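Peer 1: Give me coordinates for this.
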Amino acid sequence: MPSEYAEVQVRPGGEDDLASLTDLYNHYVRETAITFDTSPFTPEERRPWLLSHPVDGPYRLMVATDGGPRRILGYATSSPFRPKPAYATSVETTVYVAPDAGRRGIGTLLYKALFEALSDEGLHRAYAGIAQPNDASTRLHERFGFRHVGTYREVGRKFDRWWDVAWYEKEL
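Peer 2: Residues are numbered from 1 along each chain as shown. The predicted structure is shown next:
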C-alpha cells in the first residue's frame, strides 16, 4: 500500500462520522449507478441508516480513516438481506471507497475487518448486489470468496438508462 495510506485505520463507524459518510455516499448517488438512490441525502436523512448499524452487530458499519478524526476513506456495511424472520442469518454487504482512495486496498481492508467482526455472529450467508459493469467491485467480492449466483437484467433505471445487477453470495 502506498505510504500515504500507511496510517489507514479501520474501526466501527459512529455518530461523529455521519456527515463524512453522507458526503461520501452522496458522491455515488450523484455521479454513478453504483447505488440506485437518485437524490442526495442530508445527514439527518441518513441518521436512521447509521443507527441501524450498532457496534454489537450483526449489522455493522466499518470505516477506514487516514488517521485523522474525520477523513473517511471508505466504509463497509452488513445489513439485513430481507426483512422476514427466516432471513435473519443472511446479510447483504457493501463497500464504498472515496473516489480519491480507490485502487489502494481500502476496500480489502474494510471487508477484512467486516468479515472478522461478523465471524462470531452466527450468520450463514452474505450477499452482494453489484450494479453492472463494475469490474473493481466484482474482483473485490471474488477475492473474498463470493461467487456469482445470478443477474437481474435491467432492474434499475438511473441516468436515463437501464442497469443490470449481478448477485454474489458467500458462505460465512
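Peer 1: I'd like the distance between residue 127 and residue 37.
Peer 2: The gap separating residue 127 from residue 37 is 19 Å, by Cβ to Cβ, to the nearest Å. For every residue, glycine as well, the C-beta is placed using N, CA and C.
Peer 1: Which one's more surrounded, those two?
Peer 2: Comparing residue 127 with residue 37 by other Cβ atoms under 10 Å, the one with more neighbours is residue 127, at 19 against 13.
Peer 1: Can you give me the distance of that one to residue 7?
Peer 2: The value you get for residue 127 to residue 7, if Cβ to Cβ is used, is 32 Å.
Peer 1: what do you get for residue 158?
Peer 2: 35 Å.
Peer 1: So those two - more neighbours on which side?
Peer 2: For residue 158 and residue 7, the more surrounded residue by other Cβ under 10 Å is residue 158, and the numbers stand at 16 against 10.
Peer 1: got the contact list for the more buried one?
Peer 2: With contact taken as Cβ atoms under 8 Å, 6 or more residues apart in numbering, residue 158 is in contact with 33, 36, 38.
Peer 1: Let's see that with 6 Å instead.
Peer 2: 33, 38 (Cβ atoms under 6 Å, 6 or more residues apart in numbering).
Peer 1: Show the model's pLDDT score for it.
Peer 2: pLDDT recorded at residue 158 is 98.
Peer 1: can you pull up the bridge partners for it?
Peer 2: residue 161 (DSSP bridges).
Peer 1: Please tell me how far it sits from residue 12.
Peer 2: On the measure of Cβ to Cβ, residue 158 and residue 12 end up 30 Å apart.
Peer 1: Equivalent analysis for residue 171, please.
Peer 2: For residue 171 relative to residue 12 (Cβ to Cβ), the value is 24 Å.
Peer 1: contacts for stretch 28-45?
Peer 2: Outside of stretch 28-45, the residues within contact range by Cβ under 6 Å, 6+ apart are 18, 19, 22, 26, 131, 156, 158, 163.
Peer 1: I'd like to know which of those residues are buried.
Peer 2: The neighbour-count test (16 or more other Cβ atoms under 10 Å) marks 18, 22, 26, 131, 156, 158, 163 as buried among the contacts of stretch 28-45.
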